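> just to be clear, the model below is a prediction. Sequence and coordinates:
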Amino acid sequence: MRLFLLLGLLAAQLGVSAQRHYVCHYTPRPVAIDGLANEEAWQQVPWTEDFVDILGDSLPKPPLRTRMKLLWDSTYLYIYAELEEPNLWGTLTQHDAVIYHDNDFEAFIDPDGDGLNYFELEINSLGTEMDLFLFKPYRLGGKPLLSWDAQGLRSAVHTTGTLNHPGDVDKGWSVEMALPLKSVLFWGDKPVKAGDSWRINFSRVEWDLDVHGGQYAPVTDADGKRKPEHNWVWSPQGAINMHIPEKWGYLQFAQ
């Protein structure tokens, strides 16, 4: 916690937004991955702050709420996210498709915090996953390694409403993941322990939707191109680019 306080004070002195941080508590019992957060372990840990626009406070607060909780044990990092959504929509069903072409939830993880060799996970409301590895950010010439898989990743989605059914108002969807810690550690890395800190961030891609022929479709401009998506994040990036790892927040493992 002292590190986070010092970083916050430094950011305030420099006149910039501090990256967010979350203290991730240990759970002695495994969590059931069902898209819900009914276990007592989830009830005992706090929510993150609500997501904000990727650019930060310069843009209005997102109209739909997104928030998360995290836990860990000796095997997994557990992630639970709730996404308010009046129009539940999803189309992509193939693993490693470009999931952000749908509304999605994303996680970005850099265990050693050096801005290199990091991981990205994406999932849509159908539960379709994409996972990839990057040796370095795109702006430095990095290329996504889609052949990488988070071996042993477990995930589930729970929807409250009717998926792909225009004409009613839905409540939203929730995502639960169990990410094996060893899947994002390299050979020779020490096991995660209380006191360790990772750089991490989370994103939500949200498209404005029209209804055509009784089905949802992203809003397009006069040329038929999709209008830009909304990018809402846990820790603001200051640019419309999630691949700036030095802007990510901090996850501290605690007992």
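Right, received. Where do you want to start? Residues are numbered from 1 along each chain as shown.

> all helices for the stretch 151-255 of the chain, in order.
Applying DSSP state H, counting those that start in this stretch to the stretch 151-255 of the chain gives no helices.

> which stretches of it form strands?
Applying DSSP state E, counting those that start in this stretch to the stretch 151-255 of the chain gives strands spanning 154-160, 172-180, 197-206, 209-212, 215-218, 230-233, 249-254.

> so which of those strands gets nearest His243?
strand 197-206 (10.1 Å; Cβ to Cβ). All C-beta atoms are positioned from the backbone trio N, CA, C, and that covers glycine.

> let me have the strands of the stretch 151-255 of the chain in TSV, adding mean neighbour count, distance to Asp53 and mean pLDDT as columns.
TSV is the format used below for the strands of the stretch 151-255 of the chain (neighbours: other Cβ atoms under 10 Å; distance: least, Cβ to Cβ, whole Å; pLDDT from 0 to 100):
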stretch	mean neighbour count	distance to Asp53	mean pLDDT
strand 154-160	17	24	98
strand 172-180	22	19	98
strand 197-206	22	11	98
strand 209-212	12	19	96
strand 215-218	16	19	98
strand 230-233	22	6	98
strand 249-254	19	15	98
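
> just so I know, which of those lies nearest Gln43?
Among the strands of the stretch 151-255 of the chain, strand 172-180 comes nearest to Gln43, with 14.2 Å by Cβ to Cβ.

> and the closest one with strand 154-160, angle?
Here strand 172-180 runs at an angle of 170 degrees relative to strand 154-160 (axes from the mean of the first three to the mean of the last three Cα atoms, to 10 degrees).

> what residues does strand 172-180 touch?
31, 33-37, 64, 75-86, 88, 105, 107, 109, 121, 123, 125, 150-161 (Cβ atoms under 8 Å, 6 or more residues apart in numbering).

> let's see which of those end up in strands.
76-84, 105, 107, 109, 121, 123, 154-160 (DSSP state E).

> one step back: how about the strands of the stretch 151-255 of the chain in TSV, adding distance to Gln43?
As requested, the strands of the stretch 151-255 of the chain are exported to TSV (distance: least, Cβ to Cβ, whole Å):
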stretch	distance to Gln43
strand 154-160	16
strand 172-180	14
strand 197-206	21
strand 209-212	33
strand 215-218	34
strand 230-233	25
strand 249-254	17
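
> hmm, back to that, now the contacts of strand 172-180: which count as buried?
Listed as buried from the contacts of strand 172-180 are 31, 33, 35, 37, 64, 76-85, 88, 105, 107, 109, 121, 123, 125, 150, 153, 155-159, 161; burial here means 16 or more other Cβ atoms under 10 Å.

> my read: Met68 touches Trp234, true?
Yes. Look at Met68 against Trp234 with Cβ atoms under 8 Å: they come within range, at 6.8 Å.

> which residues are in contact with both of those two?
Here Met68 and Trp234 have Thr48, Phe202 as joint contacts, going by Cβ under 8 Å, 6+ apart.

> neighbour count for the two, which is higher?
Trp234 (25 against 21; other Cβ atoms under 10 Å).
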